[in-house]
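>>> Sequence and predicted model, in that order:
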Amino acid sequence: MPAKNAFYAQSGGVTAVINASAAGVIETAREHPAQIGTVYAGVNGILGALHEELIDTAAESAETIAALRHTPAGAFGSARYKLRGLEENRAEYERLIEVFRAHDIGYFFYNGGGDSQDTAHKVSQLGEAMGYPVTCIGVPKTVDNDLPVTDTCPGFGSVAKYVAVATREAGLDVASMAETSTRVFILETMGRHAGWIAAASALAREQDGDPPHVILLPEVPLDEQRFLDRVRRSVEDFGYCVVVVSEGVKTADGRFLSDQGTRDAFGHVQLGGVAPVVAAMIKNHLGYKYHYAIADYLQRAARHIASATDVEQAHALGRAAVELALAGRNAVMPTIVRESDSPYRWHIGEVALEAVANREAKMPEEYIDGSGFFVTEAALRYLRPLIAGEDYPPYRDGLPDYARLRGQRVARRLAPFGT
């Protein structure tokens, strides 16, 4: 049987290591030319398939593909674009199959979170129904660390490392100036429904009194008075207070503290900056001078300080996705299975896409301490190995030297979508 081509796409918010997974997919596919022909990458994720905008990765050198391992963001372009259900949106799914058929694509590797795993699952079902079966393998990715089953998600370990480092460094800054200047510093992290990223800031604390002094998690409804009391006590005891707040913190009645009243492409509530809301609360009730920072894209793009564990796992999961496909597996996602905390040991497992599609893994109760403002030792044991090790990119002229793709496009064979 002649080799089928493969389609690879990146989805949702990018990370410091999503390209390491891309490298794992492409490099492993190249090792098996008898089974996999060309790997085509979607321009801007799944939109590349819908609009037949494909990049021929065979035109990229082995050195360039290898360099993806140390390059942040989405090298082929990503998109926040959710395909709706098959019943209400069959045309888009049928278009995917038409493009796959036109370019002899028999493998689909979708690198993303829960929504993306749902799409890959539906494509596997529709391909079978349309008489054009496609092997669909999910590749996990999300900085929020909120995919179930897998021990961790590529992207999280590096953002966790960034936030822990930023908390320690900013804490030293504030402590050195608190007597005559800023008393409270607030760092806002990503994390809509799960507080994993904010929780990772706890790794910065080496001894009692070190920052962070308060962590606000989406899993714990904000009690404003208890929070303000905690901030006041920190300033009285230590001279300053560092607060780390997840963007998804909610009020007691379930409203996002920073709800802008709009929704994004996935239908999620569009969140504004929660840090200025918290800062105003502190200023109005306690009168302390404050500063705040919103880590935003900086936290997920920080490849210069990526976790070596995270890079290794991202690449390994991309490789494992291809190996699963070649082994005849379909509609599955490779996972990280933890064997031990210290020394940290793990291996690759797998899970059916339907078990992770559109599902979120929040922080378990045993990871949140009784006050609701910090994490437990169990959480720290889980988090520590995920930020371990450094994997610095090469530098040129004082700056990271990241990969640049040729991005050679594949000739279209179909009419534009929707015409």
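Happy to help now that I have it.
>>> Can you give the distance of stretch 198-212 from its chain's centre?
The chain centroid and the centroid of stretch 198-212 are separated by 22 Å under C-alpha atoms, centre = their mean, to the nearest Å.
>>> Need the mean per-residue confidence for that stretch.
The pLDDT scores in stretch 198-212 average 97.
>>> Any idea how far apart the tips of it sit?
Its start and end residues considered, stretch 198-212 measures 10 Å (C-alpha to C-alpha, to the nearest Å).
>>> Which residues does it contact?
With C-beta atoms under 8 Å, 6 or more residues apart in numbering as the test, stretch 198-212 has contacts from 159-161, 163-165, 167-168, 170-171, 174-175, 185, 187, 189, 191, 215-217, 237-238, 241-246, 363, 367, 374-375, 379-380, 383-384, 387. Heads up, the C-betas are built off the backbone N, CA and C, glycines and all.
>>> Which members of those are positioned in strands?
Counted as lying in strands by DSSP state E, out of these, are 185, 187, 189, 215, 216, 241, 242, 243, 244, 245, 246.
>>> Just the closest of the residues you listed to residue 84, please.
Set against residue 84, the nearest of the ones in strands among the contacts of stretch 198-212 by C-beta to C-beta is residue 246 (28.2 Å).
>>> which residues does that closest one contact?
When contacts are counted by C-beta under 8 Å, 6+ apart, residue 246 is found next to 188, 189, 190, 191, 195, 197, 198, 216, 217, 218, 274.
>>> pLDDT averaged over stretch 331-341 - what is it?
In this model, stretch 331-341 has an average pLDDT of 97.
>>> Report the separation between residue 287 and residue 173.
Between residue 287 and residue 173 the distance is 21 Å, computed by C-beta to C-beta, to the nearest Å.
>>> Looking only at neighbour counts, state which of these two leads.
residue 173 (16 against 9; other C-beta atoms under 10 Å).
>>> just to revisit the earlier point, pick the one among the contacts of residue 246 closest to residue 415.
Nearest to residue 415 among the contacts of residue 246, counting by C-beta to C-beta, is residue 190 at 39.5 Å.
>>> Next, count neighbours for the closest one.
Other residues close to residue 190 by other C-beta under 10 Å number 24.
>>> hang on, it packs against residue 300?
Yes: Residue 190 is within contact range of residue 300, at 7.0 Å (criterion: C-beta atoms under 8 Å).
>>> List the contacts of residue 255.
Contacts of residue 255 (C-beta under 8 Å, 6+ apart): none.
>>> list the contacts for residue 247?
188, 189, 190, 191, 192, 258, 271, 273, 274.
>>> Highest neighbour count among those residues?
residue 189 (33 neighbours).
>>> where's that one relative to residue 247, distance?
7 Å.
>>> How about residue 5?
Distance of residue 5 to residue 247, computed by C-beta to C-beta: 39 Å.
>>> in the stretch 201-350 of the chain, which spans are strands?
Assigned by DSSP state E, counting those that start in this stretch, the stretch 201-350 of the chain shows strands spanning 214-216, 241-246, 259-263, 269-271, 290-294, 332-340, 345-352.
>>> deepest of those, which one?
Compared across the strands of the stretch 201-350 of the chain, strand 241-246 shows the largest average neighbour count, a mean of 30 (mean count of other C-beta atoms under 10 Å).
>>> CA atoms of it as CSV?
Extracted in CSV, the C-alpha atoms of strand 241-246 (Å, rounded to 0.1, in the frame of the first residue of the first chain):
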residue,chain,number,x,y,z
CYS,A,241,2.8,41.6,50.2
VAL,A,242,3.1,39.7,46.9
VAL,A,243,-0.2,38.5,45.5
VAL,A,244,-0.5,36.1,42.5
VAL,A,245,-3.9,36.0,41.0
SER,A,246,-5.3,33.7,38.3
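>>> Isn't residue 329 up against residue 349?
No: between residue 329 and residue 349 there is no contact, the gap being 11.9 Å when judged by C-beta under 8 Å.
>>> circling back to that earlier point, out of the ones in strands among the contacts of stretch 198-212, which one sits closest to residue 76?
Using C-beta to C-beta, residue 189 is the member of the ones in strands among the contacts of stretch 198-212 that lies nearest residue 76, at 26.6 Å.
>>> For the closest one, name its beta-bridge partners.
residue 246 (DSSP bridges).
>>> Surely it touches residue 295?
Yes: here residue 189 reaches residue 295: they are 5.6 Å apart, a contact under C-beta under 8 Å.
>>> Please enumerate the shared neighbours of the two.
Residues touching both residue 189 and residue 295 (C-beta under 8 Å, 6+ apart) are residue 163.
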